[in-house]
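Sequence and predicted model, in that order:
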Amino acid sequence: MDLALDRISVETDGRTLVDALTLDVPSGQVVALVGPNGSGKSTALRCVYRALTPSAGAVRADGHDLSALTLRRCAQLVAAMTQDGSVDLDFTVEEVVALGRTPHLRGNQALDRRERELCERAMDRLDVRHLARRGILTLSGGERQRVLLARALVQEPEILVLDEPTNHLDVRHQVELLSLLRGSGLTVLVVLHDLNLAAAACDRIGVLSEGRLVAAGPPRDVLTPELVAEVFGVTASVVPHPLTGGPQLLYSLPSCDNP
Ligand SMILES: Nc1ncnc2c1ncn2[C@@H]1O[C@H](COP(=O)(O)OP(=O)(O)OP(=O)(O)O)[C@@H](O)[C@H]1O
């Protein structure tokens, strides 16, 4: 299912947080949204999972305006793993994962066998099965992030949006999460701070600066030293990854340049 952000703007208190953002995520592709702190990435993502209504423009799934769908139908199509996706009540991990089925259930309907197996597979894929009986509030940040992704997968969405899903993860789980996204077949829009992870794992990268899209395209076209300097104010060299040939950034610390 294609996802399209079609000239979405978000304004609040007379300030434009997102300015006519247009970004396409073709079906089955992984697209990263990157940009400095405060550039509007999370705000744009909130419009996709309908935590926020854009002041102008529309978010479309296969051409259909998501805001025209019921919230239930929307939740069947779009799953979100967000920074504020915490669970306040002390549910167990397996209960939290099972909550991913909510958009597909009626009332207090219990999970059927296929759904229970789905939950177990998702916990295996995210390496949290051993935590199944633990309270979610007792988990570390990285463990909790993996549980929330398991919940999102159990939702069986067509579109998955993630806001900094790797920020608490150790390097193994970062790599596993990104390769899981790549192999998922889902249409994925992911906010990432790590430009090298974005380059390695994503088909395309969109760069936001002060609410505006300033570049979009395949990583090798987007991640240039000029772009990184202009948008992030950082000096970087771009070198080819020795195995894949994809672009990787090496950053220069000012103190190293001028000892
Ligand atoms: N409800 C709100 N009211 C006022 N300002 C807001 C609101 N939500 C976000 N902002 C502001 O909008 C700007 C964009 O915020 P957003 O969270 O989208 O940035 P971001 O690119 O995701 O940043 P980060 O990389 O730090 O997570 C920030 O300056 C933020 O303070």
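Everything's here; your move. In this text, all values refer to a predicted model and were calculated from it rather than measured experimentally.

roughly how far out does stretch 167-174 sit from the chain middle?
14 Å (C-alpha atoms, centre = their mean, to the nearest Å).

Buried residues, it. List them.
Across stretch 167-174, burial judged by 16 or more other C-beta atoms under 10 Å covers L169, H173, Q174. Where C-beta positions appear, they are placed from N, C-alpha and C, glycine not excepted.

Stretch 189-196 now?
L189, V190, V191, L192, D194, L195, N196.

quick one: pLDDT of the last one?
According to the model's per-residue confidence, N196 sits at a pLDDT of 95.

can you tell me the helix or strand for it?
In the assignment (DSSP states H and E), N196 maps to helix 195-201.

and for stretch 51-61, what are the contacting residues?
1-11, 18, 20-22, 43, 46-48, 65-67, 77-78, 80, 82, 158-159 (C-beta atoms under 8 Å, 6 or more residues apart in numbering).

Can you tell me which of these are buried?
Buried among the contacts of stretch 51-61 (16+ other C-beta under 10 Å): 1-6, 8-10, 18, 21, 43, 46-48, 66, 77-78, 80, 82, 158-159.

just checking, what packs against the host helix or strand of V175?
Using DSSP H and E, V175 sits within helix 171-183. With contacts taken as 3 or more C-beta pairs under 8 Å, 6 or more residues apart in numbering; DSSP states H and E, helix 171-183 sits against helix 141-154, helix 195-201.

Please identify which of these is closest to the ligand.
Nearest of the helices and strands packed on helix 171-183 to the ligand, taken as C-beta to the nearest ligand atom: helix 195-201 at 12.7 Å.

can you pull the contacts of D90?
Counted by C-beta under 8 Å, 6+ apart, D90 has contacts G135, I136, L137, T138.

Tell me if Q109 really is in a helix.
No - assessed with DSSP: H, G, I helix; E, B strand; the rest coil, Q109 is coil; it does not lie in a helix.

And it, how far from A4?
As defined by C-beta to C-beta, to the nearest Å, Q109 lies at a distance of 33 Å from A4.

C47 too?
12 Å.

what's the answer for R220, then?
According to C-beta to C-beta, R220 and A4 sit 23 Å apart.
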